Each structure stands twice: as C-alpha cells, then as structure tokens.
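>>> Return atomic coordinates for the entry below.
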Amino acid sequence: MNTSGIKRGLALSAITALAASGAALVGPAASAAPGDPTLVAASEDGLAFDLDEYDAGDITVTVTDALGAAVDVDDAQDLQYFWTVTPFDGSPATVRVPVAGTDVETTEVAGEFVVPLPSQEPGTYVLSGGLGPDALGAKAIPSKTLLTVKAGEAQVVFDESPLLAPAGKDTPVEGSLELEDGTGLADRVIDLELVRGTAGNDPVADAGFLEDPPTGTLVLTRQVRTGADGAFSAVVSDPAEAGQGTELGGSVLADTAATPDVGDADADATLSLDLVSETLPAGGTMVIGDLGSGTPGLPLSSQLLVTAPDDTFDTDDSQPGVQGDGDTDRDPVVGQVYTLDIDKGFFTTGAEETPSVPFEKAGNLEGLGDSLSGLTDADGLVGFAAGIERDPGFDDDGLVTATVTATAGDSTRTAEADWDTAQALNGGQVRIVLSPASEQDAAVNPALEGNRTYYDVFTLDQFGNPVAEQSVPIDYSGDVDNFDYSEDFVTSDFDRSGDLWLVSFQPGAIKLTGTWDAPTYLYDDAAGNASAGSSALVSGNATAVFYELDFDRSTFAVSSSARGVVATGSAVTETVRVLDQRGNPVRGYRVDFFRAGPDGAGNGEPRATRVTNAQGRAFYTFVGGAVGKARITAQVSDGLRLRTLTDVVAFGAPINARLTGANNGRAADVLTVKAGKAAAGARVTLYKVVKGKRVPVATRKLDATGQVQMKAKDRNRSRATVYVALVRATSRTVADTSSSKRVR
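Numbers count the residues shown, from 1 in each chain. From the prediction side, this is the model:
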C-alpha cells in the first residue's frame, strides 16, 4: 500500500555471494512442537506488486497460536530474518540481504512485526526468519522460509496491437497488467478511455465501450479490474448501419488507477484502433491498374482501387433522407483490409538499396517479400510496386509472367506483370557450357583426340538470367598446334543444341574465351541514384581436354546373339566392341570377320569388313545352313596394330519334344518323352508345374529310338498334376520343351 512518501527500503547489496540461508538464530534451534506458536508472513499488496504500490508496513510477520490467533510476545522476543533476492534480469543472479547473519526487528505490536522490503530492484524476494528466545532462553521459533513475493515495474500490455476491428460489430479489447517477467497483477483497477477515429467512411464516428452490465448506451470511458492472471478486457461496439462505414485513427488508453488498500502501479499504454471493412461492401469492386512489362532490376508500379456504389456510406440515421456527395461517382472504400500476393518476384518500394557504391551495378531493389497487407487510404487506393531478379522461368525464352492477386474477404482480383531480359540493365557474364550428351558425338571432358566437343554459349544478366541475341566473339588458346573449330563468333540464344564445336588431333587442353560488350546501369552516388552507361566487357571461359588413345590398354570383345545350340537356318549376329583405356567407345576401327563352317570350309578372304560405329561396335550376321560348329574370327585394326578375337557357334537340327501319359489313379504317374532318333542320348528333365513354377522330379536320357519313360510319385491322389519335359541340346540337335500334360 503506497500512502506516503516514505523511502522504499534499503538499497540492494552489490555483493553477489550467497551465504548459507539457514544461519543459526540466537537460542535453541529445535523445531516447534505441535501446538507451539508459529510465524506467518503476509503482504498487503499480494504476492506480486508494482514497486510504486509498496509502502512501509505492507509486509508483516505475525506470531500465531495453533488456532491462527496472534500471540503477543510483549517485546520479549525479536524477529531475526534475512532476504534472498533474484533480479528478473539475472544480474546479479542472486543476492542475500544481509550478506551474512540476520537483521533483527525488535518492535512488535500484538504479535506483529513489520519487515521492510530490502530494495527496489525488480525481482523475486524470499523472506526467511525465526523468533529469538525470551529472557530465559526459551520459546524460540526456528528459521524457515516465510514468504515469497515478486515486485517490479508493471506495464500494460495489449494482446493485439494495433487492433483492426470489423466495423459494425463488437470487438473485445484485451490486455494484461504484468511485471517484467510476465507475472500478472491481480485485482487492479484500470481506467480505459476510447478516442474515436476521425477518418474513414462513417459520416459520424459512433463506436464506444459496452457497459458492464450492458445498458444499451455506449460510453467512452470504462473502469475494469484485472483477473487472477492480471488480464482485463472490455468490448468496443460499433453500431451496425446500412452501408457500414469505417472509423480509422482511433485509440484506447489504458491507465492504472488507485486500487483500494494497494495503491497505483502508475502504468499506462495506448492501443491504436481502426474499425475497418473486412469484406467488400455490397456492390464493391477491386481494380488493379495495368502493371505493364519491364526488365529485371527495375520496378513495375501499379495500384489497387477499391470502390462501392455511389452514396454507400453517407446514410446518417440521425437525419432524415440520404445526404449525397453531390456526384454519381462510385465511392472509395476507406479502410478496406486487403492482401496482395505475387507468385514470381517480390514487392518493392521501388527504390534501390542504400547505401550504394558509386559505379557499382545498380538494379538492387528494396524487397518487401511476396505478400503485403494493410488498409486502403482515403481515396480507396493502395499503391504498390513489383520487382524481379533471378527466376528459372527466364531460362527457356527470357520471359516470365508474374501474377499479382488482391484479396479482400472472399473477393479476389488478379493482374499480370510481364518481365523480359531482352533489355538487360547490366551484363553479368558469358557462360560457356558443354552441350548435352545427346548433342555430343562421343564422350567428352575429356574427349578422345579427333572427336568433336560441342559447347553452348550464354550471355547472362547481373542476376544470372539468360539474355539472347548478343554478339560474342570466341578466342581459342592453349594446345592449338593441331586443332579445328566451327565458330569464332556466336550469337547467344536460349537453347542447348550446340553453338560451336572444336576438335584437337593431339592430346592437350584448349581454352575457349567468350567476350560480351554488355550494357551497364551503374550507381551515381551512395543514395541509390543510377543511370545507364555505355557498355563494359564481360567474359567467360571453358576448357576442352583431349587425350590419346592407348591401343594396348583398350578392351576388345566379341559376343554372339546365339545362346547354346542354334537351329540350322537361323541367323546369328556377331558383335565386336572396342573400348579405350577410359572405358569410352572407339569409333573408326576396321574389323574383318572370317568364318569357317558349319556349311563349308573358310578361306583366306574375310566374309565381311566393317568399321566400329560411335558406340565402338561392328556387326556381322550370317545363317548356319548345316549341323555343326561355325568358328568366327574377327581382326580389329587401327591401321597399324591388330587384335584378333574368336567365337564359336554350334548349329543343330530342330526336334519336336512330345510328352504323353495316361491317368493312373493313385499309382505313380507314368509319362513318356519322345523327340525322334536324331535326339538319341539327349538328357531329359521332367518337371511338374506348381503354382506356375517348374519343379524338377526326374532326369533321364533318351534311348536309341529317341524316347524315354519316366515315373513320378502321385501326391495329389485324385487331383490332376501338370507336367512338362525339357529335352536338352546335343552336338547335333537343339533343345526343345514339350507342351504341358495333365494326368491324374
């Protein structure tokens, strides 16, 4: 309770060392027995209070009996106590007052001692104390923690500030009175005052507080009390009207008042209050001005206009009739809540970022993000500007269309901004990159000497977006004693189809350098002012590496399309493949194919001569017209050296494998395989088919007549079993699989 100008207490000790909180008191330290007197501490201002509310005498310690009644000790005993203080800001962490020992309060009135708060530092205060012995050394009460309170400089905090409230409705204004650490001050009196807005569409500002309990009359001042957590609230009501107008520029002032038996925390705060239009009025429209087209790095400006039908907001219920504005134009909607979103690029103030460096590249617009929200002005307008820098959408054609969407309630409107890199502000670089693998003749980076390497040339603006139709001379340097190229001048474009190629006929590295005489747009000063200059050279480069083929370390292989014994009359393809020491295919090697058999002896002349293709492959196809083996020899040459490869293909007569068997009840299944005399001696495997899979059950050979009988235990009893037989190839016949046979 703050009722006088008495000093607020002793200064907080600067010593941060914490002495033992259980310092012994004079006299016995035994615990009090049940029914013995005890000490009870109390705070007149509650367990949390503002330092302005504190007054000497607000904190007391009383000696009480078992029933809670005060016990008068007749000044025969003293209160011995100390405080432990933990500041809210953590500096110092904790202090003890006094640093060692205890303070002593000798004055007692009817069992009550007054204990002063030791400082005015915002924080948590813990009071510990006990009662010293009487003259006979008896009746002492041991020290213990008596009271914990929080004290500091209270502040009024609004839950939502500024507050945008819908016009024509009731809106709670909520806040709290709290200390620095967020502890609320309970049961405090707060005066609220509403200042009505002077701007907006409403002809007469008429919002006010609802009284509690409501009386139907709106008032401009209210007095409220905080709850247990320090929170308070009141309701601002705006009368609903036809053609609901907005009230802007209002405020709510919250100021603490004197709370009986506590005092005044001396805290206040002001809340900005706008009564706004959240949804479009009946017949309201939004229009976004044309954004046009522009260049990355420069702003495109436009505005959003929100209007309602003429005379929507000038209805005054206090006067008869409608007070028109003297024209038939649509009325601007003042204080309309809007949101603007952009899907590519960003919103900007339209100004350059500052401070800027003279002669450095300009076009660095201040960014405001991809979403804006707020209220329309007195003309129903919202001005805005859009900008863009790097966007992948420019990569295919240099064009990007950004969509701006305006939203008010459930209503939306869109507009487009068209961006084009053609008139770049500043050249960024020349970028020379390898063309895609689909455009290359063979492996590149490195490439085999004699193979071409294809490159694409791009000119990029300062943000990395491609700019087409720019002239770029190309210079070659490095190992250029024996090389060739397609272009020494290119015009940049957007595609990747190979702008130029170069080839070296010896191992080494060749550097390509492209130079662009690019436009400039530079800062003139540190204030963000800029102007276009003449031009400046920018460049970029790439390096093509070529290596020499090592014949001895290359890989040569021959493979056949034949698998096992092939039926006579079948076509077989032999494939030779050559890979160099890096695993890349070798193109242009001569391959001579020689064949002996199966339909006649070979001779000294090749049956076919081929050249390896881009995949390093050469092919030879032939038909085996007789039973027997064909021996294929392939000689691979680079013109100086030779590598010989061989392969063998077996041809056999075709056979017809047949499987028969009769139903045999529960006895073993007996099946016969026939393939003709040509297949005599061929190995046969009998399979049963279980759930679509073949399971082998027996293996035998065909007899001299080309047949064999095989048995399989019948495990299905009365159900049928499906069988199939595989007759394997011999030196003179091919393999064949029979049709399936079902037996019981």
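
>>> Wait, a strand at L275?
Yes. With DSSP: H, G, I helix; E, B strand; the rest coil as the criterion, L275 is part of a strand.

>>> What is the burial count for it?
For L275, the neighbour count with other C-beta atoms under 10 Å is 29. C-beta: built from backbone N, CA, C; applies to glycine.

>>> Same question for Q423.
By other C-beta under 10 Å, neighbour count at Q423 equals 12.

>>> next one: the one 4 residues further on
For G427, the neighbour count with other C-beta under 10 Å is 23.

>>> again, but for A417
Neighbours around A417, by other C-beta under 10 Å: 24.

>>> which residues does it form a beta bridge with?
Here A417 sits in beta bridges with A402, as judged by DSSP bridges.

>>> Enumerate every residue touching it.
Contacts for A417 (C-beta atoms under 8 Å, 6 or more residues apart in numbering) come out as 291-294, 300, 342, 345, 386, 388, 401-404.

>>> my read: V63 touches L131, true?
Yes. Between V63 and L131 there is a contact under C-beta atoms under 8 Å: 6.4 Å.

>>> Who has more neighbours out of those two?
Legend: neighbour count by other C-beta under 10 Å for V63 and L131, higher for L131 (27 against 23).

>>> For that one, what are phi and psi?
As for L131, its main-chain torsions (degrees, to the nearest 10) stand at phi -110, psi 130.

>>> Quick check: pLDDT value at the nearest residue to it once chain neighbours are set aside.
With sequence-adjacent residues excluded and distances taken as C-beta to C-beta, 6 or more residues apart in numbering, L131 is closest to I141, at 3.8 Å. Looking at I141, its pLDDT stands at 96.

>>> Got the phi and psi for I141?
phi -120, psi 120.

>>> Could you do A437 as well?
In terms of degrees, to the nearest 10, the main-chain angles of A437 are phi -60, psi -30.

>>> Around it, how many other residues sit close by?
10.

>>> shared neighbours of V63 and L131, which are they?
37, 39, 73, 77, 141.

>>> Would you format those residues as CSV with distance to A242 and neighbour count included?
Supplementary listing: those in CSV, determined by distance: C-beta to C-beta, whole Å; neighbours: other C-beta atoms under 10 Å:
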residue, distance to A242, neighbour count
P37, 74, 20
L39, 69, 22
V73, 76, 19
Q77, 78, 23
I141, 74, 25
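
>>> L702 contacts V708, doesn't it?
Yes. Counting by C-beta under 8 Å, V708 is a contact partner of L702 at 5.2 Å.

>>> shared neighbours of those two, which are they?
Residues touching both L702 and V708 (C-beta under 8 Å, 6+ apart): 673, 684.

>>> these two touch, right, R587 and N613?
Yes. Using C-beta under 8 Å, R587 is in contact with N613, at 6.3 Å.

>>> Tell me how the protein divides into domains.
As recorded under automatic domain parsing, the domains making up the chain are 38-152, 155-276, 285-414, 427-547, 551-652, 658-743.

>>> Endpoints of the second one, how far apart?
I take that to be domain 155-276. The first and final residues of domain 155-276 sit 28 Å from each other (C-alpha to C-alpha, to the nearest Å).

>>> could you give me the average pLDDT of that domain?
Mean per-residue pLDDT for domain 155-276: 96.

>>> that older thread, compare neighbour counts for R587 and N613 and give me the winner.
Neighbour totals were compared for R587 and N613, and R587 leads with 18 against 13 (other C-beta under 10 Å).

>>> how far away is D206 from L194?
11 Å (C-beta to C-beta, to the nearest Å).

>>> Repeat that for V337.
Applying C-beta to C-beta, the value for V337 to L194 is 21 Å.

>>> R683 too?
Going from R683 to L194 by C-beta to C-beta gives 105 Å.

>>> Repeat that for V357.
Distance from V357 to L194, by C-beta to C-beta: 51 Å.

>>> more neighbours, these two?
L194 (22 against 11).

>>> Was I right to think the more buried one contacts A207?
Yes. Using C-beta under 8 Å as the test, L194 is close enough to A207 to be in contact (7.1 Å).

>>> Can you check which residues contact both of those two?
Counting by C-beta under 8 Å, 6+ apart, the residues touching both L194 and A207 are 236, 250.

>>> From the contacts of A417, pick the one nearest L136.
Closest approach between the contacts of A417 and L136, by C-beta to C-beta: I342, at 87.7 Å.

>>> Check the closest one and give its pLDDT.
I342 carries a pLDDT value of 98.

>>> That one reaches T401, doesn't it?
No. At 11.2 Å, I342 does not count as touching T401 under the criterion of C-beta under 8 Å.

>>> higher neighbour count, those two?
Using other C-beta under 10 Å as the criterion, I342 and T401 rank with I342 on top: 23 against 12.

>>> residue contacts, the more buried one?
I342 makes contact with 370-371, 386, 402-405, 417, according to C-beta under 8 Å, 6+ apart.

>>> Now do L136 against A386, distance only.
In terms of C-beta to C-beta, L136 sits 91 Å off from A386.

>>> and these two? which has more neighbours close in?
Here L136 and A386 are compared on neighbour count by other C-beta under 10 Å; more neighbours surround A386, at 26 against 8.

>>> mind listing what the more buried one touches?
Counting by C-beta under 8 Å, 6+ apart, A386 has contacts 291, 299-300, 302, 342, 345-348, 402, 404, 417.

>>> same thing but 7 Å
291, 299-300, 342, 345, 347-348, 402, 404, 417 (C-beta atoms under 7 Å, 6 or more residues apart in numbering).

>>> L163 now?
173, 271-273.

>>> Nearest spatial neighbour of L448, chain-adjacent residues omitted?
In this structure, L448 finds its nearest non-sequential neighbour in L549, 5.8 Å apart by C-beta to C-beta, 6+ apart.

>>> what about the one you found, helix or strand, and which?
In the assignment (DSSP states H and E), L549 maps to no helix and no strand.

>>> again, but for T145
strand 141-152.

>>> Tell me the first helix or strand C-terminal of whichever strand or helix holds A698.
A698 is located in strand 693-701, with elements delineated by DSSP H and E. Toward the C-terminus, strand 693-701 is succeeded by strand 707-712 as the next helix or strand (DSSP H and E).

>>> tell me the angle of the following helix or strand past that next one relative to strand 707-712?
Where DSSP H and E defines the elements, the next helix or strand beyond strand 707-712 is strand 721-727. For strand 721-727 against strand 707-712, the angle by axes from the mean of the first three to the mean of the last three C-alpha atoms, to 10 degrees is 140 degrees.
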